[in-house]
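sequence and predicted model, in that order:
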Amino acid sequence: MDAIKPGWFSEINDLWPGVSLSLEVVKILHRERSQYQDVMVLDTKSHGRALILDGIIQCTENDEFSYQEMIAFLPLCSHPNPKTVLIVGGGDGGVAREVAKHPQVEKIVQVEIDPKVLEVSKKYLSYMGVGLDHPKVTLNVGDGFQFLKQHTGEFDIIITDSSDPVGPAECLFQESYFNLMKSALKPGGIVCSQAGTAWANLDHVTQTLQHCKALFPVASYGVVSVPTYPTGQIGFVLGGLSTETNFKEPKKVFSNSELDQMNMKYYDHDVHRAAFILPRFITKALNKA
Ligand code: SAM
């Protein structure tokens, strides 16, 4: 069955079997097979422009802010002085846009495997693509796994904004990847990785947290609501090298007027704390990690 029905795009994937989110399409703005994946940009009736990779919705104009703010500010506000940040993946530019807002961040290095994603984001998704051109950002095209092998003790924060663990992103969920990130951090450094949804993939979330716990003295899983992600919720695994790191209690608290100036629509210190308060079935599973 073709995923594009007359006028609608449906997200059908084995990662969430038997269930599918659909978006009504106004226009297909771009579609091509890159070296790594099927890259599509849609103009949708209700959610603005959307990026779809290998048939999976990556972000929509309406709700991308929640994911981008949280994957950036949960680790940034858990660190006492986040000056240097590495972003792995994130080719749409949304995470770079958010990280660049943090006043203490001086340098952002980004490594994205697929130049096509960078190209279409700058062309069609400027609400996110703008982040790629920020003066704090140095952009590299390459595999994040290989990139990390060449970097030791350089970053305060490493954010992995990857697609799901199929195709080019599969290696970014392995324990060996967490090991490489650990080596690339400065003392007291923090990692934050897209880690999937507990509703559809609890085993996968538990396993990713296990990889992190095996290497970092402090590790947690936090969640964010995103209506157009499968199950409406996605989470992040965070790991810290310092035992003084406590992800549940932000070190940096921005005032409301600071948050307004930074155009923050989802994140504040209370939302930060709440991200780590999880339902019982998730806590029980993660306690076994
Ligand atoms: N917010 C999104 C989500 O979770 O649905 C993630 C979006 S972002 C577009 C994911 C990016 O990771 C893609 O552009 C993809 O090309 C990139 N990526 C996948 N594997 C990678 C790898 N091994 N190294 C660097 N980038 C990678």
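Nice, I can see it. None of the values given here were measured: they were computed from a predicted structure.

ok so residue 146 is a helix residue?
Yes. Per DSSP: H, G, I helix; E, B strand; the rest coil, residue 146 lies within a helix segment.

how much space between it and the ligand?
8 Å (C-beta to the nearest ligand atom, to the nearest Å). Glycine gets a C-beta too; all of them are placed from N, C-alpha and C.

need the pLDDT of that residue.
Turning to residue 146, the model gives it a pLDDT of 97.

kindly report the same for the one 5 residues further on.
Residue 151 is assigned a predicted lDDT (pLDDT) of 98.

nearest spatial neighbour of it, skipping sequence neighbours?
Excluding its sequence neighbours, the residue lying closest to residue 151 (C-beta to C-beta, 6 or more residues apart in numbering) is residue 184, at 4.5 Å.

pLDDT at that neighbour, what is it?
98.

list the contacts of it.
86, 148, 151, 152, 153, 154, 155, 158 (C-beta atoms under 8 Å, 6 or more residues apart in numbering).

burial count for the last one?
Right, the one you point to is residue 158. Number of residues near residue 158 (other C-beta atoms under 10 Å) recorded here: 28.

and the longest helix along the chain, what other elements does it pack with?
Taking DSSP state H as the criterion, the chain has its longest helix at helix 198-215. Secondary-structure packing of helix 198-215 (3 or more C-beta pairs under 8 Å, 6 or more residues apart in numbering; DSSP states H and E): helix 175-184, strand 185-196, strand 218-225, strand 233-240, helix 280-287.

among these, which is nearest the ligand?
Among these, the nearest to the ligand by C-beta to the nearest ligand atom is strand 185-196 (4.8 Å).

out of the contacts of residue 184, which end up buried?
Listed as buried from those are 86, 148, 151, 154, 155, 158; burial here means 16 or more other C-beta atoms under 10 Å.

and the pLDDT at residue 93?
For residue 93, the predicted pLDDT is 98.

ok, it - contacts?
Residue 93 neighbours (C-beta under 8 Å, 6+ apart): 118, 121, 122, 125, 128, 129, 130, 131, 132.

this protein: strands as residue ranges?
4-5, 8-11, 21-33, 38-44, 48-53, 56-60, 84-89, 107-112, 137-141, 155-161, 185-196, 218-225, 233-240 (DSSP state E).

any idea how far the residue nearest to residue 151 is from residue 108?
14 Å (C-beta to C-beta, to the nearest Å).

dump stretch 67-83 to CSV, restricted to CA.
Taking Å, rounded to 0.1, in the frame of the first residue of the first chain, the C-alpha atoms of stretch 67-83 are listed here in CSV:
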residue,chain,number,x,y,z
TYR,A,67,11.3,18.9,20.8
GLN,A,68,14.1,21.4,19.8
GLU,A,69,13.8,23.5,23.0
MET,A,70,13.9,20.4,25.3
ILE,A,71,16.7,18.4,23.6
ALA,A,72,18.8,21.6,23.8
PHE,A,73,17.9,23.2,27.2
LEU,A,74,17.6,20.0,29.3
PRO,A,75,21.4,19.4,29.0
LEU,A,76,22.4,23.1,28.7
CYS,A,77,20.6,24.1,31.9
SER,A,78,22.0,21.0,33.7
HIS,A,79,25.6,22.2,33.1
PRO,A,80,27.2,25.0,35.2
ASN,A,81,29.0,26.6,32.2
PRO,A,82,28.1,25.1,28.7
LYS,A,83,30.5,26.9,26.4
